[in-house]
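Novice: One predicted model, sequence on top.
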Amino acid sequence: MSNSFLRVDEVAAELGVSKSYAYKVVQRLNKQLKDMGYLTIAGRVNKKYFEKMVCYGEPVNLERKGSNGGI
């Protein structure tokens with residue numbers, strides 16, 4: 001069975017941030033999950049939820065309305 005949770009050091013490596021910042025990210029995501037009624041584990045975050053929230057899971061249209069196509 002594949003691991004369905006990411007540890008803080010894995011989050012830090014994935015995002016290219018410090019471990020202390022990764023703890024904040026994990027805490028924020030776990031609070032969101034807890035508010036939705038899910039059980040959370042301190043220092044770990046659900047891998048699928050993490051990927052969804054950092055835009056790995058679904059394509060995102062970043063174009064602004066009214067853009068003339070120029071850069």
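Specialist: Perfect, thanks for sending it.
Novice: Find the centremost residue of this protein, please.
Specialist: For the chain, the residue sitting closest to the mean C-alpha position, by Cα atoms, centre = their mean, is Phe50 at 3.2 Å.
Novice: so what's that residue up against?
Specialist: By Cβ atoms under 8 Å, 6 or more residues apart in numbering, the contact set of Phe50 is Leu6, Val11, Glu14, Leu29. C-betas here are computed from N, CA, C, even on glycine.
Novice: same thing but at 10 Å, please
Specialist: Remark: with contacts taken as Cβ atoms under 10 Å, 6 or more residues apart in numbering, Phe50 is in contact with Phe5, Leu6, Glu10, Val11, Glu14, Leu15, Val25, Val26, Leu29, Arg44, Tyr56, Gly57.
Novice: The second one belongs to a strand?
Specialist: To tie it back to what came earlier, the one meant is Leu6. Yes: the secondary structure assignment for Leu6 places it in a strand, going by DSSP: H, G, I helix; E, B strand; the rest coil.
Novice: Tally up the residues packed near Lys34, please.
Specialist: Taking other Cβ atoms under 10 Å as the neighbour definition, Lys34 ends up with a count of 11.
Novice: A strand includes it, no?
Specialist: No: read with three-state DSSP, Lys34 is helix and lies in no strand.
Novice: was I right about it contacting Thr40?
Specialist: Yes: under the criterion of Cβ atoms under 10 Å, Lys34 is in contact with Thr40, at a separation of 5.2 Å.
Novice: got the CA coordinates for stretch 24-36 in PDB?
Specialist: Presented in PDB, the C-alpha positions along stretch 24-36 are these (Å, rounded to 0.1, in the frame of the first residue of the first chain):
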ATOM      1  CA  LYS A  24       2.700  26.000   9.000                       C
ATOM      2  CA  VAL A  25       1.500  24.700   5.700                       C
ATOM      3  CA  VAL A  26       0.700  21.300   7.200                       C
ATOM      4  CA  GLN A  27      -1.100  22.900  10.200                       C
ATOM      5  CA  ARG A  28      -3.200  25.100   7.800                       C
ATOM      6  CA  LEU A  29      -4.200  22.200   5.600                       C
ATOM      7  CA  ASN A  30      -5.000  20.000   8.600                       C
ATOM      8  CA  LYS A  31      -7.200  22.700  10.100                       C
ATOM      9  CA  GLN A  32      -9.100  22.900   6.900                       C
ATOM     10  CA  LEU A  33      -9.600  19.100   6.900                       C
ATOM     11  CA  LYS A  34     -10.500  19.100  10.600                       C
ATOM     12  CA  ASP A  35     -13.100  21.800   9.900                       C
ATOM     13  CA  MET A  36     -14.600  19.500   7.300                       C
END
